[in-house]
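Chemist: fold the following for me, if possible:
(one chain, ligands or ions: 1)
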Amino acid sequence: MPLAPSDGRTARPVALSGLRPFLRPYRPQIALALLFLLLAAAATLSFPWALRVLIDQGLARAGQDPAHLHGPFLGLFGVATALGVFSALRFHLMSWLGERITADVRNAVYGHVLRQSPAFFEHTATGEVLSRLTNDTTLVQTVLGSSLSMGLRNLVMGVGALAMLVWTQPYLMLTVAVAIAGIVLPSVWIGRRVRRLSRDSQDRVADASAVAAEVLNHVATVQGHTAEPRESARFAAATEHAFRTATRRSAVRAAMVAFVIVANAAFLLWGLFRGASAVIAGDMSAGELGQTVVYVMLVAASVAVLAEVYGDVLRAAGATERLMELLHTPPSIVDAAGAQPLPASPQGLAVRFEDLSFHYPSRPGQPALRSVSLDIRAGETVALVGPSGAGKSTLFQLLMRFYELGPGDSGQILVQGRPVQHWTLQSLREHIATVPQDAVVFSTTARDNIRYGRPQATTAEVERAAEAAWAHDFLLALPQGYDSPLGEHGVRLSGGQRQRLAIARALLKDAPLLLLDEATSALDAESERMVQAALDAALSGQGQRTTLVIAHRLATVQRADRIVVMDQGRIVEQGRHAELLAQGGLYARLASLQNLGASEHRAPDR
Ligand SMILES: Nc1ncnc2c1ncn2[C@@H]1O[C@H](COP(=O)(O)OP(=O)(O)OP(=O)(O)O)[C@@H](O)[C@H]1O
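Modeler: Just a heads-up that it's a prediction; the model follows:
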């Protein structure tokens, strides 16, 4: 299922309700934040009223000793202090909530995405997921941490100021309502256009980042082709586009600011004029006029803020929708009802493929396996041999349950005599160690890289595994030995070293089933012999573990109890090296073409 485009066009504010489960744990903090919000709003609203009292009862009595003003002014200062304290508390609590809830959402989405099967990542780009985890959560955080709090404060204040107006100047209300509509409606219209342009400008920035990410990942290739000026120009074109879109947005926004200021001023001046006329005519006291003006200003300001906040709320609703979509995509491969943990199997796992036919979900028309039947005893070492695309890795993928049989598939996989789904996913994968063809090195220390499959392993165990995999010496020679950081932000390992590290990792995991994909990449003779020696160690577990190895070298094939030859998704031959050579079939042909028949094997000197 492809994910929705991340433009928020269809989002409605109700989409924010997806966040409800994340708000629930923080109900006390939310209640407290609302209380401070109400207290701060009450303090603000009491100001204009105090102003009227001051003007009418204080200033109006000209010629008196100003000492009687001390009390009211001190009172006002008290209100201002309360306003400051309550606002600060509200601000801090709301920001805390915004950050906390966003962090929770981010962790939940990441944890969930990590459980998705490889098929999910075939149709969802990693960049898309990352953008949701960063950009969308940031949008939600802005709204929860600031816009929503601003909106609520202005809503309370706007409604409060309106109520005070109705109470003190009911006849003015109609005029105020008309004026507000005159300011708000055009603002909402312009606001919508600003939002669209904001979205465009964000997309253009994302385009520029995409260009940069690709180029930086392949910077050596770019420099090798002396394409730096071309790439700079391509990036500059993308940033220029982003700049132009952003400029258009700010121009529209500037026009909107001008309109709001002028319209507000016109409305206020007109009100003041009417009010001043009423004071002169004796229909209204000066204090009442002052109070009314401030209330009207409060109403107008809060309406303007609310219109702006609404835009943010819509954008956050879109972001929430996209995050919830990720969070609510169930992983396609999960434990079956009543799945059992796979019991410890010190003699290795027995594996059986029964008349297995399989298509990858993205290739329903092309079978990757056709009626494969293979019985592997516990403790046996089986070499899989065959041309590229024969289906060897597919057997591994299905054993690990990275893919499940779909509607057009048939047969089954048995582990320890039970269908693979009988066992819990976690226990199944805990019982399998893998050495992929392209060994993955994480950007952490060498020690942690080896410990990846068994994080609780002791230092001595790590070193023993490294020694068996012929990795100890080169690891010791690194600048900080086993503590040297590797990978992207550390030491770069050679292809052969990476493979030995991956073998050490698998040996340390010490699982009853080892799935080994022998690397085909060309290594120099010395490196090749080291890798071969490491493989020997991995393959020496006959009787204690079952090993399935996708083999490309004679030495590996010869160590196997049995060789299974695959072609176009089928098993075409089975037997031992000499038997298969004698048969003169596909194996004999492959052996003469590849180094299967050629490479000799001699352990390197330690
Ligand atoms: N994720 C996938 N989605 C769709 N098709 C796939 C996928 N992985 C492999 N295939 C296809 O399934 C078939 C079997 O592939 P598989 O990787 O099992 O071959 P292999 O024998 O391991 O080859 P190699 O030695 O080159 O790795 C091929 O036709 C391949 O293109």
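Chemist: what residues of stretch 395-407 count as buried?
Modeler: Buried residues in stretch 395-407, defined by neighbour count with 16 or more other CB atoms under 10 Å: 395-401, 403-405. Every C-beta, even on glycine, is put in place using the N, C-alpha and C of the backbone.
Chemist: for residue 346, what are its contacts?
Modeler: Counting by CB atoms under 8 Å, 6 or more residues apart in numbering, residue 346 touches 512, 544.
Chemist: doesn't it lie inside a strand?
Modeler: No - Residue 346: not assigned to a strand; according to DSSP: H, G, I helix; E, B strand; the rest coil it is coil.
Chemist: from residue 560, how far off is it?
Modeler: 21 Å (CB to CB, to the nearest Å).
Chemist: now residue 569
Modeler: Per CB to CB, residue 569 is found 21 Å from residue 560.
Chemist: repeat for residue 83
Modeler: 80 Å.
Chemist: out of those two, which sits in the busier spot?
Modeler: Taking neighbours as other CB atoms under 10 Å, residue 83 and residue 560 compare with residue 560 leading, 22 against 18.
Chemist: give me the nearest residue to that one, chain neighbours excluded.
Modeler: Spatial nearest neighbour of residue 560, chain neighbours left out: residue 383 (3.6 Å); criterion: CB to CB, 6 or more residues apart in numbering.
Chemist: the one you found: how many residues sit nearby?
Modeler: By other CB under 10 Å, neighbour count at residue 383 equals 28.
Chemist: mean confidence for stretch 507-516?
Modeler: Mean pLDDT, computed over stretch 507-516, is 91.
Chemist: all numbers from here: first residue = 16
Modeler: OK, 16 is where the count begins now, so the last one is stretch 522-531.
Chemist: pull the residues that contact it.
Modeler: Applying CB under 8 Å, 6+ apart, the contact partners of stretch 522-531 are 359-364, 366, 393, 411, 414-415, 445-450, 465-466, 468-469, 472, 476-477, 480, 483-484, 521, 550, 552-554, 556, 559-565.
Chemist: can I get the buried part of these as one PyMOL selection?
Modeler: A single PyMOL command is used to select the members of the contacts of stretch 522-531 judged buried by 16+ other CB under 10 Å:
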select buried, resi 360+363+364+366+393+411+414+415+445+446+447+448+449+450+465+466+468+469+472+476+477+480+483+484+521+550+552+553+554+556+560+561+562+563+564+565
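Chemist: now, the contacts of stretch 522-531 that are in helices?
Modeler: In helices, defined here by DSSP state H, the members of those are 411, 414, 445, 465, 476-477, 480, 483, 521, 550, 552-554.
Chemist: check those residues against the ligand, which are close?
Modeler: On the criterion CB under 6 Å from any ligand atom, none of the entries of the ones in helices among the contacts of stretch 522-531 sits beside the ligand.
Chemist: with respect to residue 48, which of these is nearest?
Modeler: Checking the ones in helices among the contacts of stretch 522-531 against residue 48 with CB to CB, the nearest one is residue 445 at 44.6 Å.
Chemist: helix, strand or coil: sort out the nearest residue to the closest one once chain neighbours are set aside for me.
Modeler: Leaving aside its sequence neighbours, residue 445 sits nearest to residue 526 (CB to CB, 6+ apart; 7.1 Å). When classified by three-state DSSP, residue 526 comes out as coil.
Chemist: same question, residue 371
Modeler: When classified by three-state DSSP, residue 371 comes out as strand.
Chemist: that one contacts residue 427, correct?
Modeler: Yes - using CB atoms under 8 Å, residue 371 is in contact with residue 427, at 7.0 Å.
Chemist: give me the common contacts of these two.
Modeler: Counting by CB under 8 Å, 6+ apart, the residues touching both residue 371 and residue 427 are residue 420.
Chemist: ok, those two, which is more surrounded?
Modeler: Ranked by neighbour count (other CB under 10 Å), residue 371 and residue 427 place residue 371 first, with 23 against 15.
Chemist: SS state for the residue lying closest to the more buried one once chain neighbours are set aside?
Modeler: Sequence neighbours aside, residue 426 is the residue nearest to residue 371 in space, at 3.6 Å (criterion: CB to CB, 6+ apart). Secondary structure for residue 426, judged by three-state DSSP, is strand.
Chemist: thought residue 426 was touching residue 410?
Modeler: No - using CB under 8 Å, residue 426 is not in contact with residue 410; the gap is 11.8 Å.
Chemist: any common contacting residues for those two?
Modeler: Residues touching both residue 426 and residue 410 (CB under 8 Å, 6+ apart): 368, 387.
Chemist: contact residues of the stretch 366-515 of the chain facing the ligand?
Modeler: 375, 377-378, 383, 401, 403-409.
Chemist: tell me the two of those that are most distant?
Modeler: Maximum distance among those (CB to CB): 21.9 Å, for 377 and 401.
Chemist: quick one: contacts for residue 134?
Modeler: The contact partners of residue 134, taken as CB under 8 Å, 6+ apart, are 347, 376-377, 418.
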